[in-house]
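>>> Okay, structure incoming, though there's no sequence with it:
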């Protein structure tokens, strides 16, 4: 069983407002990310807002969201977690299959990944250190494979990125 987790706890500082609520193709980025995970996972949670806070605390970046999702998945009996950032504009329908088996992550967007719940203790220990908490360092530490997806996903960090994603969505 796979739990989907949208990482939505970021500050949206480069975007200028809450990008989870920005619209692309008539849907909010949050709704698009949730829908794309619902099509590939047994259940979906949103981390970093609402019911599932980042772990061990807010401000840890995407790894805090992934850590919270791994612990939530472990408590509910899931084998792995498929993660994506709220700013990815939604995942292609083959993302889960292309990342299987876990652990694996998208080479140019490591926030998108398939993580085994067995990685939770390693991530707890990693986040407890004073080292730089980078996605790639964590991925390497647990032996995750970098994967190039067949369908490129957006990475919407600025308003200009959103305009570009909208143009691509509209076929321009």
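Received the coordinates, thanks. Everything quoted here is computed from the prediction, not taken from an experiment. Numbering: from 1, shown residues only.
>>> For residue 94, give me its contacts.
149, 150, 151 (C-beta atoms under 8 Å, 6 or more residues apart in numbering). For glycine as for every other residue, the C-beta is placed from the backbone atoms N, C-alpha and C.
>>> show me where this protein has helices.
29-38, 62-75, 95-99, 120-127, 135-141, 159-170 (DSSP state H).
>>> Could you export the ones you listed to JSON lines, including columns for mean pLDDT?
Formatted as JSON lines, these follow (pLDDT from 0 to 100):
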{"stretch": "helix 29-38", "mean pLDDT": "92"}
{"stretch": "helix 62-75", "mean pLDDT": "96"}
{"stretch": "helix 95-99", "mean pLDDT": "97"}
{"stretch": "helix 120-127", "mean pLDDT": "96"}
{"stretch": "helix 135-141", "mean pLDDT": "95"}
{"stretch": "helix 159-170", "mean pLDDT": "71"}
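>>> deepest of those, which one?
Highest mean neighbour count of the helices of the chain: helix 62-75, a mean of 23 (counted as mean count of other C-beta atoms under 10 Å).
>>> Just give the nearest non-adjacent residue to the most centrally placed residue in the chain, would you?
In the chain, the residue lying closest to the centroid (C-alpha atoms, centre = their mean) is residue 84, at 2.1 Å. With C-beta to C-beta, 6 or more residues apart in numbering as the criterion, residue 84 has its nearest non-adjacent residue at 4.8 Å, and that residue is residue 112.
>>> swap in residue 55?
Here the residue nearest residue 55, using C-beta to C-beta, 6+ apart, is residue 68, at 3.9 Å.
>>> ok, and what's touching the top strand by length along the chain?
Among the segments of the chain that qualify as a strand by DSSP state E, the longest is strand 109-116. With contact meaning C-beta under 8 Å, 6+ apart, strand 109-116 is reached by 2, 7, 62, 66, 69-70, 79-85, 88, 91, 95-96, 99-106, 135-136, 139, 142, 144, 146, 153, 155.
>>> That'll do, ta.
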